[in-house]
Each structure stands twice: as C-alpha cells, then as structure tokens.
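Chemist: Using only what follows, build the 3D model:
(one chain, ligands or ions: 1)
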Amino acid sequence: MKIYKRLFAVTLLLLFAACSKENTVTTIPYITPEESDGVSLKSSAPFPWGAAVNVSLIKSNAAYRALVEKEMSSLTSENEMKMSRIRSSQTAWYFTDADYIVSFAQEHNIRVHGHTLIWHRSPAWLDTYQGDAAAWEAMFKEYIQTVVGRYKGKVTSWDVVNEAINEDGTLRTSIWQQKLGNDYIARAFQYAHEADPGALLFYNDYGNEYSTVKREAILALVNSLKSRGIPINGIGLQMHTRYNQSDVNLANAINSAAQTGLKVHIAELDIAVNPDNNQSLTFTSSLAQQQADKYKFIVKTYNAIPKAQQFGITTWNLTDGDTWITGEYKRPDWPLPFDSNYKRKAAYQGILDGLK
Ligand code: XIL
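Modeler: Here you go, the predicted structure:
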C-alpha cells in the first residue's frame, strides 16, 4: 500500500512540474495573427500614435513589448516619470525606470513624451518640507531642471503642469500653488524651457469634453500663457472619456483646443464602457461597437485639425488587461483598443476607420 502512496505522490509531483513548465512556456513571445498582417496604428496614422506604458510590463512581458514595438510611434511613461517615482524623498533621486523607458524607446525609434513634471499628486515629503519662499522656489526649479536636463534631446516633449484647474474653473490649491503662488505655472514652463529649449512644452488636463466651465478655464489659462510669451507649445487633452459621451462635446473639446493655435495632444485616451460602475457588466458586442464608433469619431475629428497642430494621439496603456480604470474605479471595464489577450478589438478597427 505504502509503495502505491509513494507512486501517487511522485506522479502528482511530476504532473505539477509539467504544469509549471507549461506556464513558463506561455510567457515566450507569440505571434498573433494580427502581428503579421502589416497593418499597424503607427503606419496608418499620419500623426504619431502612442500609448502610455508601464516599465514592469515592458520588461517582463514579451507580448506587451511586441505590441508596443509594432503599433506605437510615441510613448508616455504611465508612472515612472512622475515626481513620486523620481524623487520619493527629498534626498532620494531615482531614474532607473525612467532611463529604461527612454532607452527602450530610442532603441525602437519611438518618440518619448514626458509625463509629468508638476502635479498636485506629489510625493508626501513635500507636505512637510520646511523652507521659506526662496527655498521652495529653488527646490521647484531644481526638480524641473534636473529632470528635463537629464533627458535633453531624448524626451521630445513634457507635460509641464498637469491638472492645475478645478472642476469649477478655479485654480487648484495644490501644494505648489500654496507655496509658490498662482503664477507657478508660468515659471514651471520657463524653467523647463531653460533646461531644454528644444523640448515642446504642454499644459495637460482632463474634462475639456464634459465641462464647459472647466474647458473655458483651461483655454483661458493657456491663451494667457501664450500671450504673455511664456514658452508653451501645446495643450494636452487627457480624454479619459466614456462610450456615451456626446459627439458634440468631444468635437468641442478637440476643436476649441485647436483654436488656441497650439499643438494638440490627445494625451491619455481611453473610452470606458462601464461609467456607471456596474459590477456585473459584461462586454457585449453592442458595447464593443458603440465604443468603436466613439474611437472613430474622436480620431476622425482630430485628423481634421490642421496638420501642424497634430502632436498625436496617445491611449492610456494598451490593453483592457492593463488599464488603470479597473483599479482606480474598482469596476470591470474594457476601455482600450486591445483586449487582455493582446488581440485587436472593434475599437481598433474604429481607429483605422477614423483615419480614412
Ligand atoms: C494614473 C496611472 O495610470 C495609475 O497607474 C496611477 O496609479 C495613478 O495615475 N491623469 C493623469 C495620469 O495625468 O498620470 C494618471 O495616471 C491618470 C489620470
């Protein structure tokens, strides 16, 4: 009897070993049918097509990396160039991940858009940072110039200030605004420009498509920076939007940004299909089609603004498996052009149709 038990245990062990081996096999790069058909977003779009990427996926997931290489001509680092990563304490400067993203992009001839220098979601140490006005100004300037200077000539463009306006159109009372005064925004652009006069500098925010009040405040801010001669080159529309946002609102967001004469970046596009947080929603083909139509509309509208102002369209990550939406809003959602198996969705075709 004992011998049978032992044999059984050994068989189980062998089976387990075989299964884990199989698991490692699935991480080897595979070619999806789409990867060999010669079509890609980057070759279909007359402007740069990008995605936010995540360094750990680029490093560890060959299918993800292959998709970026095949489809993207621009990339934004989803988190690795934020101050909370680069300077998580006053003395801890950390560039390893940001450097990795930049070299990966250079190796594959992909443009890098830097995101983001000054944001209200700042590292906790700033809340207790002791310093008078001059010390704050020096620290602010040093941060911007260290980061922009490090990537001079390698990072094409920066979101210099991100999300500085409230929903009601007033200026957000971030730590920066409190310590540096309302005009910190203009100075951030000047400092970034000094560190890399060749970099294109953007003001980036969300809500242009769903709030007229916020849109007008954003436009007033960028127009005023522009008329004062502050070195601003572009406006970033995050466009975390939803499948049932009206075409009129989306067109207003894009066309009003273009009216500033600045470059326009649709900088963080994703189209939620579950904006009402329904925990049991499934992704039906009807939702997929409505989402595809929305992607098409956005791309078509963007494609119609003057060419010289088309900085590009960037989706916020690539696949439904790595979107921030599910984690941030704790709900199922499917906002991106690829599914979690790296396969093209109807949304992908919607983008191609919008480019026609
Ligand atoms: C998000 C990232 O996607 C998340 O991984 C992170 O936890 C929080 O930040 N607007 C922005 C982006 O400008 O930087 C945010 O990115 C999404 C909203």
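Chemist: contacts and neighbour counts: CA atoms only from here.
Modeler: OK.
Chemist: Can you find the helix or strand of the protein with the lowest average pLDDT?
Modeler: helix 2-25 (a mean of 49; mean pLDDT, DSSP states H and E).
Chemist: Skip ahead from that helix and say which helix or strand is next.
Modeler: Once helix 2-25 ends, the next helix or strand along the chain (criterion: DSSP states H and E) is helix 41-44.
Chemist: what's the average pLDDT for that next one?
Modeler: Averaged across helix 41-44, pLDDT comes to 98.
Chemist: One more: stretch 134-144?
Modeler: On average, stretch 134-144 scores 98.
Chemist: switch to numbering from 229
Modeler: Yes, from this point I'll number from 229; that puts the last item at stretch 362-372.
Chemist: what sits up against it?
Modeler: 345, 407-408, 416, 419-420 (CA atoms under 8 Å, 6 or more residues apart in numbering).
Chemist: how near is the closest residue to Tyr322 other than its chain neighbours to the ligand?
Modeler: Leaving aside its chain neighbours, Tyr322 sits nearest to Ile314 (4.7 Å; criterion: CA to CA, 6 or more residues apart in numbering). Going from Ile314 to the ligand by CA to the nearest ligand atom, to the nearest Å gives 14 Å.
Chemist: residues contacting Ile314?
Modeler: Counted by CA under 8 Å, 6+ apart, Ile314 has contacts 308, 320-323.
Chemist: most neighbours, which of those?
Modeler: Glu308 (24 neighbours; other CA atoms under 10 Å).
Chemist: Near the residue lying closest to that residue once chain neighbours are set aside, how many other residues are there?
Modeler: Distance criterion CA to CA, 6+ apart; nearest residue to Glu308, sequence neighbours excluded, is Ala326 at 5.3 Å. Ala326 is flanked by 20 other residues according to other CA under 10 Å.
Chemist: Mind listing residues that contact stretch 317-336?
Modeler: Here stretch 317-336 has contacts from 283, 297, 303, 305, 308-309, 313-316, 339-340, 351-353, 382-383, using CA under 8 Å, 6+ apart.
Chemist: same check, this time on stretch 399-409
Modeler: 348, 354-355, 361, 364-365, 392-394, 410-412.
Chemist: ok, now stretch 481-496?
Modeler: Counting by CA under 8 Å, 6+ apart, residues outside stretch 481-496 touching it are 279-280, 432, 436-437, 443, 447, 450-451, 461-468, 529-530, 533-534, 536-544.
Chemist: For ChimeraX, what selects the buried ones among those?
Modeler: Command for ChimeraX that selects the buried part of those, burial taken from 16 or more other CA atoms under 10 Å:
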select :279,280,432,436,437,443,447,450,451,461,462,463,464,465,466,467,468,529,530,533,537,538,539,540,541,542,543,544
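Chemist: Pull the contacting residues for the residue in the stretch 329-478 of the chain that the ligand sits nearest to.
Modeler: Ranked by CA to the nearest ligand atom, the top residue of the stretch 329-478 of the chain for proximity to the ligand is Asn390, at 6.3 Å. If you count contacts by CA under 8 Å, 6+ apart, Asn390 has them with 344-348, 431-433.
Chemist: Next to the ligand, which bits of the protein? Give me the list.
Modeler: Contact residues, the chain versus the ligand (CA under 6 Å from any ligand atom): 306-307, 552.
Chemist: Now do the strands in the stretch 279-428 of the chain.
Modeler: Assigned by DSSP state E, counting those that start in this stretch, the strands in the stretch 279-428 of the chain fall at 302-305, 339-347, 385-390, 428-433.
Chemist: and the shortest one, what does it pack onto?
Modeler: Contact here means 3 or more CA pairs under 8 Å, 6 or more residues apart in numbering; DSSP states H and E; on that basis strand 302-305 packs against strand 277-281, helix 324-335, strand 339-347, strand 538-543.
Chemist: Adding distance to Thr488 and mean pLDDT, write those out as CSV.
Modeler: Shown next, in CSV, are these (distance: least, CA to CA, whole Å; pLDDT from 0 to 100):
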stretch, distance to Thr488, mean pLDDT
strand 277-281, 22, 98
helix 324-335, 30, 98
strand 339-347, 21, 98
strand 538-543, 13, 99
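Chemist: returning to what we had before: whichever of the contacts of Asn390 end up buried, select them in ChimeraX.
Modeler: Entered in ChimeraX, the line below selects the buried ones among the contacts of Asn390, by 16+ other CA under 10 Å:
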select :344,345,346,347,431,432,433
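Chemist: Now render the contacts of Asn390 as JSON lines, adding distance to Ala520.
Modeler: JSON lines is the format used below for these (distance: CA to CA, whole Å):
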{"residue": "Thr344", "distance to Ala520": "29"}
{"residue": "Leu345", "distance to Ala520": "33"}
{"residue": "Ile346", "distance to Ala520": "33"}
{"residue": "Trp347", "distance to Ala520": "32"}
{"residue": "His348", "distance to Ala520": "33"}
{"residue": "Tyr431", "distance to Ala520": "28"}
{"residue": "Asn432", "distance to Ala520": "25"}
{"residue": "Asp433", "distance to Ala520": "24"}
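Chemist: pLDDT wise, what is whatever residue of the chain ends up closest to the ligand at?
Modeler: In the chain, the residue that lies nearest the ligand is Trp552 (4.7 Å; CA to the nearest ligand atom). What the model reports as pLDDT for Trp552 is 98.
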